[in-house]
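Enquirer: Build me a model:
(one chain, ligands or ions: 1)
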Amino acid sequence: MQRRNTFKLLGASALGLANPSMILRTMQDDLQVSLHHLKSLINRDEEDFWSGIREAYSVSPSIINLNNGGVAPAPRVVQEALNYYNRLCNEGPSYYMWRVLDQGREPMRRNMAAIAGCSHEELAFNRNSSESLETVIFGLRLNKGDEVVLTKQDYPNMINAWKQREKRDGIVLKWVNFNYPIEDKSAIVEAYAREFTDKTRIVHITHVVNWNGQLLPAKEIANEAKKRNIEVLVDAAHSFAHFPYKIEDLNCDYWGTSLHKWLSAPIGSGLLYIKKEKISSIYPLFAAGDPDSADIRKFESLGTRSFAIEQSIGHAIDFFNMIGAERKFERLFRLKKYWTSKVEDHPKVKIISPLSKEFSGAIACVQVVGKTSGELADFLFSESKIHAVGIDWENIHGVRITPNVYTSFRELDILAQTILKLADK
Ligand SMILES: Cc1ncc(COP(=O)(O)O)c(C=O)c1O
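Expert: Okay, the predicted model is just below:
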């Protein structure tokens, strides 16, 4: 508190005389005060710990948010950082953005590499998964007739990007169509492998299918692709900071995620991974000085954007580390199991997601026989103010339920009761 007051008293002009990296350090120390309080939770017993985590978020008192799959809220410490950096940027934008906050990117790149499991020289910050993945989709040097293997259940933005390349450059898209849930790794790998030919250049893998939370065996698909010299792009929008794994374990060449999903970083933050030896051959989406450069930073020529958002990612990393990757996954999986086990035996309720740890985490999609996805989603909201999303995509129909670390068992009791009430009607 004392440091914060000193900071306020000094004001922007006095700070302007100081060394920019010292200012940044002071601000970060200040924010650590909140995190320090959170760290005191670590040794509490399990339920105390998670209720402390709930308090660390600004949870809505008027709705039950079970659509954390679309975008997740940031904990208060991250919101505080965002407001702090934003205010600072508005005191002298070009000074505080380029000379002060910009200096935080390199330390943050290293901290991010430690949780992502790769070299910091392979990570670029941007605004979301779409930007990361489209950087690769549009940056690859593909020729007419080159083939790409993808699925009907991939994310629409990514499908649209590949279709645009098909139209513009004459590449050929080879489609796999799955009937989820599938709890058989080799069946999934074989479905991809059947589409591989000697013209296949790359396979697009959605690591966790957004529609129903199905985890795909990305590493096994990648291993199969590599036997044929096929490159691998992983859409990790829903796997990063949700499932405990390292990028290097996946044997992929390219990987992209949104940090505003499972890392709980501010809305509008993303991350791109490109294997070191592949960087020079990918054109950046926003042109950089040397498009053939082997420096990952060529993908960060994004023009003026919010440095407050970018720097606050560092606080989301701290928050994530405070919980721990394994502990977070175990909790998320337990929340999913809790509500699904209360409804799955009802003859009119269908869970259209895998339920084992090998193939799923927090997300599950539920159907009430005889009701449309829209009817179920509307009933959840009108009856119990539960916000969740109705899914109708290819052969997946239901309501996607996505809890997060702040979700309580009490909220999931209400969810289960409401689903059963509709099923009994
Ligand atoms: C699997 C998958 N890929 C990509 C995206 C795109 O993410 P964003 O809108 O943050 O770019 C999403 C968003 O929900 C997604 O679920």
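Enquirer: contacts and neighbour counts: CA atoms only from here.
Expert: Fine.
Enquirer: for residue 279, what are its contacts?
Expert: Residues near residue 279 by Cα atoms under 8 Å, 6 or more residues apart in numbering: 293, 294, 295, 296.
Enquirer: Nearest to the ligand among the residues you listed?
Expert: residue 296 (19.7 Å; Cα to the nearest ligand atom).
Enquirer: how close does that closest one sit to residue 263?
Expert: Residue 296 sits 22 Å away from residue 263 when distances are taken as Cα to Cα, to the nearest Å.
Enquirer: Likewise for residue 89?
Expert: 24 Å.
Enquirer: Residue 175 too?
Expert: 31 Å.
Enquirer: Looking at these two now, which is surrounded by more residues?
Expert: Neighbours were counted for residue 175 and for residue 263 using other Cα atoms under 10 Å; residue 263 has more, 23 against 15.
Enquirer: isn't the more buried one right up against residue 244?
Expert: No: between residue 263 and residue 244 there is no contact under Cα atoms under 8 Å: 12.0 Å.
Enquirer: Same list, the contacts of residue 279, but as a markdown table with secondary structure please.
Expert: Below are the contacts of residue 279 laid out as a markdown table (DSSP: H, G, I helix; E, B strand; the rest coil):
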| residue | secondary structure |
| --- | --- |
| 293 | coil |
| 294 | coil |
| 295 | coil |
| 296 | helix |
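Enquirer: Which of those has the largest number of neighbours?
Expert: residue 296 (22 neighbours).
Enquirer: In contact with that one, which residues?
Expert: Residue 296 is in contact with 121, 122, 123, 124, 274, 279, counting by Cα under 8 Å, 6+ apart.
Enquirer: List the neighbouring strands of the strand or helix carrying the fourth one plus their orientation.
Expert: Counting by DSSP states H and E, the element that carries residue 124 is strand 123-126. Looking at strand 123-126 with DSSP bridges, its partner strands are strand 270-274 (antiparallel).
Enquirer: moving C-terminal of the partner strand, what's the next helix or strand?
Expert: Following strand 270-274 in sequence, per DSSP H and E, is helix 307-323.
Enquirer: CA atoms only: put the following helix or strand past that next one into PDB for me.
Expert: Where DSSP H and E defines the elements, the next helix or strand beyond helix 307-323 is helix 325-343. Extracted in PDB, the C-alpha atoms of helix 325-343 (Å, rounded to 0.1, in the frame of the first residue of the first chain):
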ATOM      1  CA  ALA A 325      -0.800 -26.900 -14.000                       C
ATOM      2  CA  GLU A 326      -1.600 -30.400 -12.600                       C
ATOM      3  CA  ARG A 327      -3.700 -29.100  -9.700                       C
ATOM      4  CA  LYS A 328      -5.700 -26.900 -12.100                       C
ATOM      5  CA  PHE A 329      -6.400 -29.800 -14.500                       C
ATOM      6  CA  GLU A 330      -7.500 -32.100 -11.600                       C
ATOM      7  CA  ARG A 331      -9.900 -29.500 -10.400                       C
ATOM      8  CA  LEU A 332     -11.400 -28.800 -13.800                       C
ATOM      9  CA  PHE A 333     -11.800 -32.500 -14.500                       C
ATOM     10  CA  ARG A 334     -13.500 -33.000 -11.100                       C
ATOM     11  CA  LEU A 335     -15.900 -30.200 -11.700                       C
ATOM     12  CA  LYS A 336     -17.000 -31.700 -15.000                       C
ATOM     13  CA  LYS A 337     -17.300 -35.200 -13.400                       C
ATOM     14  CA  TYR A 338     -19.400 -33.700 -10.600                       C
ATOM     15  CA  TRP A 339     -22.200 -32.400 -12.700                       C
ATOM     16  CA  THR A 340     -22.200 -35.100 -15.400                       C
ATOM     17  CA  SER A 341     -22.400 -37.900 -12.900                       C
ATOM     18  CA  LYS A 342     -25.600 -36.300 -11.500                       C
ATOM     19  CA  VAL A 343     -27.400 -36.300 -14.900                       C
END
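Enquirer: So which elements touch helix 325-343?
Expert: helix 409-424 (3 or more Cα pairs under 8 Å, 6 or more residues apart in numbering; DSSP states H and E).
Enquirer: Those residues of the stretch 151-300 of the chain touching the ligand, which are they?
Expert: For the stretch 151-300 of the chain, the contact set with the ligand under Cα under 6 Å from any ligand atom comprises 155, 206, 209, 210, 235, 237, 238, 258.
Enquirer: Apply 8 Å and report the result again.
Expert: 154-158, 206-211, 235-238, 257-261, 268-270 (Cα under 8 Å from any ligand atom).
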